[in-house]
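K.L.:
just the structure for this:
(one chain, ligands or ions: 1)
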Amino acid sequence: MAEIDVWIRTLRAAEPAPMDLLLLADPSVDVIESYLSRSIVYVAERVPSDIIGVCAVLPTRPRTMEIVNVAVSEAWQQRGIGQRMLRAVMEDVCRKHRVSRLEIATGNSSFSQLRLYQKLGFRMSHIEHDFFVQNYAEPIFENGLQCRDLVHLWRDVTPFAEHSEAR
Ligand SMILES: CC(C)(COP(=O)(O)OP(=O)(O)OC[C@H]1O[C@@H](n2cnc3c(N)ncnc32)[C@H](O)[C@@H]1OP(=O)(O)O)[C@@H](O)C(=O)NCCC(=O)NCCS
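P.N.:
Predicted coordinates:
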């Protein structure tokens, strides 16, 4: 399949964040708004002007940032956009923001996300047991399994080097 013509860039001043995409990864507008203004927001733009991906990165500690939201429009998933966006973000935060540690978290039942992040070189650090049970009103089921625990992953991004597990 031909590679899709997208470029990854940060959101421009006064350009609205793509809330429809952010909501794919995080169902709460309130939660999204709590981190959005403090985050660097990257978008994947399909030429000429169609935003099909988003990735928000939040500075948390010195030289550390957390990917707090990553999403690709449903119509464009499974075509490598997520990987390309995450690689571009890793390189950019290292080069421009001198970040050395990048973190991300996902649910215990989010198998494809866990696979994608590990293929990109992220390693598991710790688990917050019952995070989803305690923080969400309704139980969440995914891949035939209850999403209960929040799995934290991290990777070193200095200097950004290709040491992912992908073949
Ligand atoms: C998670 C998410 C961002 C991944 O984005 P994506 O663009 O679908 O991811 P990619 O296409 O890069 O990778 C996914 C799969 O497509 C495969 N792929 C990569 N390039 C490809 C290509 N050119 N053609 C076909 N498949 C391809 C990858 O190998 C991967 O397959 P695998 O799961 O068997 O390893 C996306 O699924 C999404 O938005 N999900 C909903 C929101 C969400 O859950 N966000 C994360 C919250 S923690």
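
K.L.:
okay, which residue is most central for this structure?
P.N.:
The centre of the chain sits closest to V70, judged by CA atoms, centre = their mean, with a distance of 3.0 Å.

K.L.:
which SSE is the nearest residue to that residue once chain neighbours are set aside in?
P.N.:
Residue nearest to V70 in three dimensions, not counting chain neighbours: C55, with 4.6 Å by CB to CB, 6 or more residues apart in numbering. (Each C-beta comes from the backbone N, C-alpha and C, glycine too.) According to DSSP states H and E, C55 maps onto strand 50-61.

K.L.:
do that strand and the ligand come into contact?
P.N.:
No - using CB under 6 Å from any ligand atom, strand 50-61 never reaches the ligand; the gap is at least 6.9 Å.

K.L.:
sorry, back to before: give me the number of residues near the residue nearest to V70?
P.N.:
By other CB atoms under 10 Å, 27 other residues sit near C55.

K.L.:
what's the answer for the one 3 residues further on, then?
P.N.:
The local packing count at L58 equals 16, with neighbours defined by other CB under 10 Å.

K.L.:
what sits against it?
P.N.:
L58 makes contacts with 35, 38-40, 65-66, 68, as judged by CB atoms under 8 Å, 6 or more residues apart in numbering.

K.L.:
and if we set it to 10 Å?
P.N.:
By CB atoms under 10 Å, 6 or more residues apart in numbering, the contact list for L58 reads 35-36, 38-40, 64-69, 103.

K.L.:
ok, which pair from these is furthest apart?
P.N.:
L36 and T64 (18.8 Å; CB to CB).

K.L.:
restricting to C-alpha, output the host helix or strand of A71 in CSV.
P.N.:
Using DSSP H and E, A71 falls within strand 64-72. In CSV, the C-alpha atoms belonging to strand 64-72 read as follows (Å, rounded to 0.1, in the frame of the first residue of the first chain):
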residue,chain,number,x,y,z
THR,A,64,10.7,14.3,31.2
MET,A,65,7.4,14.5,29.2
GLU,A,66,4.4,12.3,29.1
ILE,A,67,2.4,11.5,26.0
VAL,A,68,-1.1,12.2,27.5
ASN,A,69,-3.1,11.6,24.3
VAL,A,70,-2.4,9.9,20.9
ALA,A,71,-5.1,9.2,18.4
VAL,A,72,-5.5,8.6,14.6
